[in-house]
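[1] got a sequence here, can you build the structure:
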Amino acid sequence: MNADQKKEQMIKAIKDAVMVEVKGQQLYSHAATEAEDPAARAMFEMLARDEDDHVRILMTQYKSLMNDGKLNLDDVHPAEVDHGAATVVTDDFKKSVTRGKFEMAVISIGCDLENKAIAYYKEHAEKTDDPDLKQLFTWLREWEDGHLEQLLELEKIYQDAYWADQGFSPM
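    The predicted structure is shown next:
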């Protein structure tokens, strides 16, 4: 593969990654405005901000690739970011959760989107021979792993609450 083909392949990978992130950002932003549960709203707002950060990072790399023919990770500092591991699901959060079916649906869709993002980043990190793209996609996969972990924990909380409301408690 020549340099132009490699660049085009990297451009496509980054553009596709932007679309993955935009879908998540749109879902979480909409969910934050519609959620009745304040705890879920806070979680969705945090996830939407993270997805915004992902889009910003990817767009910066896209511009670098277009202008300089390569990625520039100098301003990407993953050690300074929690990769979605911020503790949002605290004991107070768990106590404040109400039993919104809308929130349960969004969480389920969010888990699907996060799994798709993780698979996308993993696949493309493994198949690229560009070390910077590999590193960028590895960082983003780790961040999405954190999101998925939080959503799965939240999903369990909502499911347990739902079953308790239905008289199936204790489980």
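
[2] and the nearest residue to residue 61 once chain neighbours are set aside, how many neighbours does it have?
    Nearest residue to residue 61 in three dimensions, chain neighbours excluded: residue 71, at 5.0 Å (CB to CB, 6 or more residues apart in numbering). The C-beta positions use only the backbone N, C-alpha and C, and glycine is treated the same way. As a burial measure, residue 71 scores 20 neighbours (other CB atoms under 10 Å).

[3] against residue 21, how distant is residue 2?
    Taking CB to CB, to the nearest Å as the measure, residue 2 falls 29 Å from residue 21.

[4] let me redo that: residue 118
    In terms of CB to CB, residue 118 sits 12 Å off from residue 21.

[5] higher neighbour count, the two?
    Under the neighbour definition other CB under 10 Å, residue 118 and residue 21 were set side by side, and residue 21 has more, 24 against 19.

[6] quick one: secondary structure of the closest residue to residue 135 other than its chain neighbours?
    Closest residue to residue 135 apart from its sequence neighbours, by CB to CB, 6+ apart: residue 73 at 6.4 Å. Three-state assignment for residue 73 (DSSP: H, G, I helix; E, B strand; the rest coil): coil.

[7] next up, the contacts around residue 73.
    Residues near residue 73 by CB atoms under 8 Å, 6 or more residues apart in numbering: 61, 132, 135-136.

[8] tell me the centre residue of this protein?
    Using CA atoms, centre = their mean, the residue of the chain that lies closest to the mean C-alpha position is residue 144, 4.2 Å off.

[9] gap between that one and residue 36?
    In this structure, residue 144 lies at 26 Å from residue 36, with CB to CB as the measure.

[10] likewise for residue 109?
    Relative to residue 36, and taking CB to CB, residue 109 is found at 17 Å.

[11] the two: which is more packed in?
    Applying other CB under 10 Å to residue 109 and residue 36 shows that residue 109 carries more neighbours, namely 16 against 10.

[12] where is the longest helix in this structure?
    Using DSSP state H, we find that the single longest helix of the chain is helix 131-165.
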